[in-house]
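Trainee: Next comes the sequence, and after it the predicted model I'd like to discuss.
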Amino acid sequence: MAPPPHSKPENTLKRAQELIGVQQSQAALQLLHEHVISKRTRNSPIAALEPVMILFVELCVDLRKGKLAKDGLYQYKNTAQNTNVGTIELVFKKFIELAEAKVTEAQAKADEVQSSLETTSSTQNVEDLEASETPESILLSTVSGEQSRDRTDRAIVTPWLKFLWETYRTVLDIFKNNARLEIMYQTTAHQAFQFCSKYARKTEFRRLCELLRNHLQNAAKFSSQMHAINLSDPDTLQRHLDTRFQQLNVAVELELWQEAFRSVEDIHTLLSLSKRPAKNIMMANYFEKLTRIFLVSENYLFHAAAWSRYFNLLRQSAAAVASGQSPKKDNPAVTEVDMTKAASFVLLSALSIPVISTSRSRGALVDVDEARKNKNSRLTNLLGMSQAPTRAILFKDALSKGLLKRARPEIRDLYNILEVDFHPLSICKKISPILAKIGADEDMKKYVGPLQQVILTRLFQQLSQVYDSVEIQFVLDLAQFPEPFEVSSGTIEKFIMNGCKKGDLSIRVDHATGSLTFDSDVFSSAKAMHPGSGAGSAETEGRSVQRLQSTPAEIVRSQLTRLAKSLFVTCQYVDPAFNTKRIKAKEAALLRTKEGAEQEHQETLARREIISQKKEAAQKALQMKENEEQTKRLLRIQQAKDEEIRRLEAETKLRTQQRLKAEQERVQREEIEKQLKELKQGTKIDIDIPEDITELDSTRIRAMKLAALEKEKEQLAEQLRIAGKRIDHLERAYRKEEAKHLKDDYERQMKEDEEAHKKAAEEELKEAEIKHKEDVALKHRLSRLVPTYQKFVTDVKQQRKTEFEKRSKIAQKELESKKAARVKEIKEKRAKEKREQEEQARREQEEREREEAEAEAKAKADEAIRAKLAAEKEEREEKRRILDEKAKIQQQREEEAIARRAAEKAKKVAGGFAERPISRDQPLEPVAPSSSGRPIIALQGNKPSWREREAAKLAGQPLPAASEAAPAAPAARETEAAPGPKRFLPPALRNRDAESPAAPASRWREREGSGRGVEGRNESPAAGGGRYESPATGGGRSRFADLGDKARTQSPASGGGWGSSRSRPQEGARDGARGRESEREPESAPPPVQAPSDGKYRPGAFRRTGGQ
């Protein structure tokens, strides 16, 4: 089955209010509860969910549904704690306020009920006003044991008190261990303490203290959880301390001393965790509560120590405030009266410490009792003292701080009597007026009992130094105290027995002679004369009683000591060498000590190291053992928990099965009862139903029902048959008898009808006459008002007509004015539209003119660009023409060079160096060097190269001079013009040869940037179609002889040679390509001018630009 659709918080709130309006609060609460705990509610906005929660807590408080409230509030806390903490505090405060208001209302109602009961019982139900109580009230009080007030409170107030307590617990459980809700948690705890204090709920206070203690332990245990509180935070720890101090105050107020002591331990634990020192005012409250706790527990030693700490704190606070080191708000208000009172209590509490312990332990076994040691250690830590206090230490501390001067005079006199003076026969007489003054003070009255124990102890201690034996009556006469603090003989005898058992007294009581004998046996083992026994005496550092003489037992025990001292002094006076030997022995011992001090020191250090290692090993072993025991204990605890969980699961499963079985039986029994009830209601006959209805089932009940229906049907049919027969006979008899009286009855009815008609006609005529007379009279009365009425109507019509005309004129004027305004508005609107259209037309005209101007400017710019391009093209054409002319000159030079080479070959042949013919048929032909041959470098001054010199030597001819290279050109031309065998000519030069056959051959030009010649070289040396020519063909003239005439500005490979890709301007290259392809000019465009270089050959520096 699909879940019901989730409604919005607003709709849920509206529906709940409607249910409350029809007195269905329970249904409204159930609706709100289902909405709040739904998982879909988490996505709802907090602002919409807050009114729902407020109404929800109101209904929970009104109906006292604490469990539903806890579920809803817990869910709301989880939903809103990450977004809005303020709304959580608002809802929870509302919850607590409503619960407290209900308790207050219940108390007022109980008071009202009690007052009404008292008034009623005192005025109405009392027959005898002189009798204070009636027999019924006496009997009721005997049986019930409670008064009417208690019964009223239990019936009216107690349920709401219980609900308020559950409210506090719910809020504390929800807010526990949450740092964001810590302040609200502490506030709720304070409210719970006030609740316990106001209504004196001691049981709830114990539970509350235990609950807070568990919450703190869990907070320390689960500190790694999200939003967990941090006890290291000083503010958080301070809030917990404030709560524990409030807990301590309430515990003392309720006189729950065990809880107060536990609260003190909690405070001490928190103070040990706190990094910030506690305020003096808080510590003063702490020590003041400790004094009350120790006094109630009759631990007078630590009670006096607490008073001493309290006085020290007051003194420090006064000094800090006086010096300005601490503000007044952090310190208790201290006056001189307070200091005097505190000093008096310190001295009085120290005097009240019993010299003989009043505990029931067996003598000296107390000192070795580990539990007592642990307890004293705990109490010492609670007071913040380094060592356990003693009576002597407390007196020493009090005297060093001058408390005797600050204390009250009677306390000072009491101290002198008990601790300073020696007067056994008048001690009680002197102390009696002081005890009377102390007993008159309510705060100091508590110390009279322990003071009596101290007084009796001092009395017997002082008597034992003066007397060997005294009468009991004498002692009783001495131990006299003022009223109402008298001490009986039994109390004194019990005190003596306790002192003897503890070892502080050594007295024998002889009732036959009525005397007390103080033990004087020199060999007695009693510890009475020791300076305080370890059994129970508080005097552990030295006796504080003035002594007249030593006892015989002390004399015997110390006689050897006294003899040794006397002999030592005698030897010093009789034998002077004794002192000399003693001094020498002492010096020798000191020398030996110095010599062995270092070794002893090293041995001591080594022994200390060994001891420390042994301690560490022992601690490690102990720690391992404790860890193992802890592990085993945890395993046992876990196993016990698992067993308990399994047992609880089994019990839960068994209870569930039993509950389901019982539920099934209950439902089955209810169904049977329902069917039997319907069967009884549906039939009118008696049905025999068995006593044990569990034996019945649906089939049997259905059969019983069918049988009963059949039987009922048969009975009904029989009854109908009998009734019909009887009615038939009766109706026949009626008709027979009726036929006899029909005629008489008809005549009687005729007469009655005629009389009734006459009577009705008369009455109608009479009523018509009366009505006519009244109408005529009314007409005559109203006819006098007709003229006035007509005048009034005329006036009213005239006034209304005048008013109508007036308003019509006003309306017409308003209409005309509005029409004029509307016409004006329309005209202005049309004028505005016309202006806007004109403005739009003007802007469009300006836009068109601007576009035309831009188009014209663009056309002019394009025309300028075209003119510029045409000029650049003409310039390039001019440059190309110049380059072509230079190329022709270069070609002529090359042809001249070829002619020279041919002439040189001819000379070589004439000189006897004939080359091997290639074929028999053809004559020898000078082989032109290939384009890949090694170029010949033209020397400066047109000097012959080494090849030319070698050829001249072989031919036996003189070396040609530099000037002879010039006439070689005509010879070369003649040789070239002469017919002979054909030679290879590059395609780039073929057309040029056809156009100008007499063009001179070009020569090698200077390298670019080489510095030779007039102008720098800027052209590739690859002339004549990209091949090299031998310098020998020029008739001995160097190919570089004419490099000084002109600068090279064009590549000789104009007909498809290689050109530099880096030195070519892109635009020129494109124009050159376009010139060759589109314009189809007869000569190819020249390559661009190359940049100067270092004259070295680099691969890839030239690329093919022609179609070869």
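Mentor: Yep, it's here.
Trainee: quick one: average pLDDT of stretch 836-856?
Mentor: In this model, stretch 836-856 has a mean pLDDT of 92.
Trainee: Phi and psi next, for residue 509.
Mentor: phi -100, psi 130 (degrees, to the nearest 10).
Trainee: try residue 84
Mentor: phi -150, psi 100.
Trainee: which residue packs closest to it, ignoring adjacent ones?
Mentor: Of all residues not flanking residue 84 in the chain, residue 46 sits nearest, at 4.9 Å (C-beta to C-beta, 6 or more residues apart in numbering). Glycine gets a C-beta too; all of them are placed from N, C-alpha and C.
Trainee: so what's the one you found up against?
Mentor: 79, 80, 83, 84, 87 (C-beta atoms under 8 Å, 6 or more residues apart in numbering).
Trainee: Does the third one fall in a helix, a strand, or a coil region?
Mentor: To tie it back to what came earlier, the one meant is residue 83. The local conformation at residue 83, judged by DSSP: H, G, I helix; E, B strand; the rest coil, is coil.
Trainee: Quick one: residues contacting it.
Mentor: So residue 83 contacts residue 46 (C-beta under 8 Å, 6+ apart).
Trainee: State the distance from it to residue 96.
Mentor: As judged by C-beta to C-beta, to the nearest Å, residue 83 and residue 96 stand 22 Å apart.
Trainee: in a strand, that's where residue 483 is, yeah?
Mentor: No - Residue 483 is assigned coil when assessed by three-state DSSP, not a strand.
Trainee: lowest-confidence helix or strand of this protein?
Mentor: helix 968-977 (a mean of 41; mean pLDDT, DSSP states H and E).
Trainee: Of the contacts of residue 46, keep whichever come out buried.
Mentor: The neighbour count (16 or more other C-beta atoms under 10 Å) marks 79, 80, 84, 87 as buried among those.
Trainee: can you redo those as TSV with pLDDT and secondary structure?
Mentor: Output for these, formatted as TSV (pLDDT from 0 to 100; DSSP: H, G, I helix; E, B strand; the rest coil):
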residue	pLDDT	secondary structure
79	83	helix
80	83	helix
84	81	coil
87	85	helix
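Trainee: pLDDT value on the most centrally placed residue in the chain, please?
Mentor: Taking C-alpha atoms, centre = their mean, the centroid of the chain lies closest to residue 227, which sits 4.4 Å from it. pLDDT, residue 227: 77.
Trainee: Spit out the contact partners of it.
Mentor: 81, 177, 178, 179, 180.
Trainee: care to break this protein down by domain?
Mentor: According to the TED database, the chain is divided into the following domains: 279-407, 426-523.
Trainee: Which one of the ones you listed lies nearest to residue 233?
Mentor: domain 279-407 (17.0 Å; C-beta to C-beta).
Trainee: Quick check: phi and psi at residue 430.
Mentor: Dihedral pair for residue 430: phi -70, psi -30, per degrees, to the nearest 10.
Trainee: number of nearby residues for it?
Mentor: Other residues lying near residue 430 total 15 when counted by other C-beta atoms under 10 Å.
Trainee: One more: residue 850?
Mentor: Neighbours around residue 850, by other C-beta under 10 Å: 10.
Trainee: Report the separation between it and residue 843.
Mentor: In this structure, residue 850 and residue 843 are 10 Å apart, going by C-beta to C-beta.
Trainee: for residue 581, same thing?
Mentor: For residue 581, the distance to residue 843 - C-beta to C-beta - is 139 Å.
Trainee: From the contact counts, what lies against the longest helix anywhere in the chain?
Mentor: Determined from DSSP state H, the single longest helix within the chain is helix 786-910. Applying 3 or more C-beta pairs under 8 Å, 6 or more residues apart in numbering; DSSP states H and E, one finds that helix 786-910 contacts helix 946-955, helix 968-977, helix 987-995, helix 1066-1077.
Trainee: ok and that helix relative to helix 946-955, angle-wise?
Mentor: Inter-element angle recorded for helix 786-910 and helix 946-955: 20 degrees (by axes from the mean of the first three to the mean of the last three C-alpha atoms, to 10 degrees).
Trainee: Can you pull out the low-pLDDT segments for the stretch 551-700 of the chain?
Mentor: 551-554, 682-688, 690-692, 694-695 (pLDDT under 70).
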